[in-house]
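Asker: Please work out how this folds:
(chains A and B)
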Amino acid sequence: MEILKNFGFDPILLVAQIVNFLIILFILKKLLYKPVMDMLKKRETSIKEGIKQAEEGRLALEKALEEEKKILKKAQDQSKKIVEDANTEAINISKEIEDNSRKQAEKILEEARRQIEQEAKETERRLSQNITNLSIELLTKSLGQMFGEKEQKQLIEKAVKELKGKKS
Amino acid sequence: MVSFAAEPIFRLGFFSVTNTLLDTLIVDGVLVGIAIYIKKHLKLIPGFVQNISEYAVETMYNLTESVAPERAARIFPFFATFFIFILLANWSGLIPGFGTIGFYEGVGKSKTLVPLLRSATTDLNTTLGLALVSAVATHVISIKIIGIKEYLGRYFSINPMNQFIGFLEMISEITKIISLSFRLFGNIYAGEIVLGTIASIFAFIAPLPFLLLEFIVGFVQALVFAMLTMAFMAILSTPHHTEAKEVSHK
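Answerer: Sure, this is the predicted structure:
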């Protein structure tokens, strides 16, 4: 104990120093280590979160780009198909129209031909009628003086019969 | 020549305030100031001061973790506080004016200079106090982690051979306190004496290398004290049956 006294040992000072140190230990623990460590941990988690989010964002962007490409390709295909369809349809329609018009033309032509034929027939008929009438008139006029009434009639009938027979 | 004992500056009743106690209070004040400043300015995006403090805290924590991975959270505050406090106390003695500004006491031949401030660690009371705190904290942590039964098993045994080892363990605990306190006290006190002696021979330039040396010694002694405390805590809080396993892990 004498040695300790020589070194300046003093129980009160010793206790004072111990209390001092414990107080500073407590204060540093509360004010320095804990907040700083918490902050470090917080920053670590936030950085991790940020990196994760960035990665997620990158993936989402990639996916979106791929999707976009897909959609674009689909749209292109569709538009191509639409154009093709329209083309074939147009060709079909034009063909149909052509057919129709040809048919119509033929029909009109046929009609015209028939009409012409009919008219020609009618004309012929009327002509033959006229000729018959004319010939009857001619016969009556020319034979009237030569034959009697009875022969006249017989002759005319015969001629008419012959004419008609010829005609038919 | 500076005396071993710290010189009282004034008295508060029966309590004499010494120059080393004043230095302790100054160091405490600086530490608390720094801690409050950092705590107030703590942000997610760190500034210069926060970067430094974060670096220091993280480095010390990682060092603790490398020695005692599972018990780092418990040991770290002691390690860090011992280190910071002793470091500042050691270095405070190197500030110009410490140990040189004071008043004269006594008359005639026995007239001596009493410095107003003296490095806290040049007082055995301080270092012994720190060593006692270190020892008590070590044992408390040990009991809390490995349990009272295993803790006592280290010192007491029915087996006479183990009881002898337990006896040696007890002595080693006491010597730990003595070695911790006297190592720190002796180193820093001797440093002060050397500086004073050199300064009394030639006060200009000559003390510079010694100042630099003391600067390093102050750092090394703070680290030694803190590291030893950490090592004792780690050793005493390691359960016996897992000791071998832990060693084989590394």
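
Asker: Now do the host helix or strand of residue A:131: which elements does it pack against?
Answerer: Taking DSSP states H and E as the criterion, the element that holds residue A:131 is helix A:34-143. For helix A:34-143, the helices and strands in contact under the criterion 3 or more CB pairs under 8 Å, 6 or more residues apart in numbering or on different chains; DSSP states H and E are helix A:149-167, helix B:19-40, helix B:48-67. Yep, even glycine has a C-beta here, placed from its N, CA and C like the rest.

Asker: gap between the longest one and the chain center?
Answerer: On the basis of CA atoms, centre = their mean, to the nearest Å, the separation between the geometric centre of helix B:19-40 and that of its chain is 15 Å.

Asker: before we move on, what about the shortest one?
Answerer: Remark: helix A:149-167 is offset 79 Å from the chain centroid, using CA atoms, centre = their mean.

Asker: CA atoms of it as PDB?
Answerer: C-alpha atoms of helix A:149-167 as PDB (Å, rounded to 0.1, in the frame of the first residue of the first chain):
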ATOM      1  CA  GLU A 149    -117.100 -13.900-159.900                       C
ATOM      2  CA  LYS A 150    -116.900 -17.700-158.900                       C
ATOM      3  CA  GLU A 151    -113.700 -18.400-160.700                       C
ATOM      4  CA  GLN A 152    -112.300 -15.200-159.400                       C
ATOM      5  CA  LYS A 153    -112.800 -16.300-155.900                       C
ATOM      6  CA  GLN A 154    -111.500 -19.900-156.500                       C
ATOM      7  CA  LEU A 155    -108.400 -18.500-158.100                       C
ATOM      8  CA  ILE A 156    -107.700 -16.000-155.400                       C
ATOM      9  CA  GLU A 157    -108.200 -18.600-152.800                       C
ATOM     10  CA  LYS A 158    -105.900 -21.000-154.600                       C
ATOM     11  CA  ALA A 159    -103.300 -18.300-155.000                       C
ATOM     12  CA  VAL A 160    -103.600 -17.300-151.400                       C
ATOM     13  CA  LYS A 161    -103.400 -20.900-150.300                       C
ATOM     14  CA  GLU A 162    -100.300 -21.300-152.500                       C
ATOM     15  CA  LEU A 163     -98.800 -18.200-151.200                       C
ATOM     16  CA  LYS A 164     -99.500 -19.200-147.700                       C
ATOM     17  CA  GLY A 165     -98.300 -22.600-148.300                       C
ATOM     18  CA  LYS A 166     -95.100 -21.200-149.700                       C
ATOM     19  CA  LYS A 167     -94.700 -19.000-146.900                       C
END
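
Asker: Can you check the pLDDT for the residue in chain A that chain B sits nearest to?
Answerer: Residue of chain A nearest chain B, by CB to the nearest CB: residue A:8 (2.7 Å). We note a pLDDT of 79 for residue A:8 in this prediction.

Asker: likewise residue A:165?
Answerer: In the predicted model, residue A:165 carries a pLDDT score of 73.

Asker: likewise residue B:108?
Answerer: Per-residue confidence at residue B:108 stands at 69 (pLDDT).

Asker: and residue B:173, which of the three is it?
Answerer: helix (DSSP: H, G, I helix; E, B strand; the rest coil).

Asker: Count the neighbours of it for me.
Answerer: 16 (other CB atoms under 10 Å in any protein chain shown).

Asker: Please name the nearest non-neighbouring residue to it.
Answerer: residue B:135 (6.8 Å; CB to CB, 6 or more residues apart in numbering or on different chains).

Asker: So which bits of the helix or strand the one you found falls within are buried?
Answerer: Remark: residue B:135 resides in helix B:124-146, with elements defined by DSSP H and E. Along helix B:124-146, these residues count as buried under the neighbour rule (16 or more other CB atoms under 10 Å in any protein chain shown): B:124-135, B:137-139, B:141-143, B:145-146.

Asker: How far off centre is that helix?
Answerer: Shown here is helix B:124-146, whose average C-alpha point lies 12 Å from the average C-alpha point of the whole chain (CA atoms, centre = their mean).

Asker: what angle sits between it and helix B:19-40?
Answerer: Relative orientation of helix B:124-146 and helix B:19-40, computed by axes from the mean of the first three to the mean of the last three CA atoms, to 10 degrees: 50 degrees.

Asker: show me the contacts for the residue of chain B found nearest chain A.
Answerer: With CB to the nearest CB as the measure, the residue in chain B that lies nearest chain A is residue B:5; the distance is 2.7 Å. Residues near residue B:5 by CB atoms under 8 Å, 6 or more residues apart in numbering or on different chains: A:7, A:8, A:10, B:123.
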